[in-house]
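**Student:** I need the structure of the sequence given here:
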Amino acid sequence: FHGGAFVAIQRTGADILPVGIAYERGSGAAFLDESFTSHLHRMAGAPPTRVAVIIGEPIVVKDDARAADLRDASRNAVQALVREARRRVDGAA
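**Tutor:** Residues are numbered from 1 along each chain as shown. All right, here's what the predicted structure looks like:
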C-alpha cells in the first residue's frame, strides 16, 4: 500500500477493486521473501492447496479524493476481505 500508487490512481480516476486472498494454513503458499519466479517454481511442484478469494465492492475514486484516504480505505477493505477469506478457507478443512 505505497502512497505513490494511490497518487496514480487518484490522477486516473480508476476505481479500486479490493481483493482478499487466504491459503490453507501450512500450505507454504505464502509469497514471502523470494522472487516471483522462485515462488512460481516452488508452487508448481507443490501439492494442491485450498485457497479462498473474496472480491470486495469497488472503491469509487472521486475527483476530490486524497491519495492517503484511498490508501487507507483500500488497506482496510483488503484486511477485512483477507479475514473473511481466512475464515472460509479454515472452515473448509
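**Student:** Residue 83: how many residues sit nearby?
**Tutor:** 13 (other CB atoms under 10 Å). Where you see a C-beta, it was placed from the backbone N, CA and C, and this is true even at glycine.
**Student:** what's the longest helix seen in the chain packed up against?
**Tutor:** Counting by DSSP state H, the longest helix found in the chain is helix 67-91. Packing partners of helix 67-91 (3 or more CB pairs under 8 Å, 6 or more residues apart in numbering; DSSP states H and E): helix 3-12, strand 19-23, strand 51-55.
**Student:** What strands flank the second one, and is each parallel or antiparallel?
**Tutor:** This points to strand 19-23. Take DSSP bridges as the rule and strand 19-23 pairs in its sheet with strand 51-55 (antiparallel).
**Student:** Tell me the gap between stretch 85-93 and the middle of its chain.
**Tutor:** 16 Å (CA atoms, centre = their mean, to the nearest Å).
**Student:** before we move on, the earlier item: which of the residues in the longest helix of the chain are buried?
**Tutor:** 67, 70-71, 73-74, 77-78, 81-82, 85-86, 88-89 (16 or more other CB atoms under 10 Å).
**Student:** Check the helices and strands packed on helix 67-91 for me and report the most buried one.
**Tutor:** strand 19-23 (a mean of 18; mean count of other CB atoms under 10 Å).
**Student:** tell me the mean pLDDT for the following helix or strand past that one?
**Tutor:** As assigned by DSSP states H and E, the chain's next helix or strand after strand 19-23 is helix 36-44. Throughout helix 36-44, pLDDT has a mean value of 88.
**Student:** Not counting helix 36-44 itself, show me its contacts.
**Tutor:** 28, 29, 31, 34, 49 (CB atoms under 8 Å, 6 or more residues apart in numbering).
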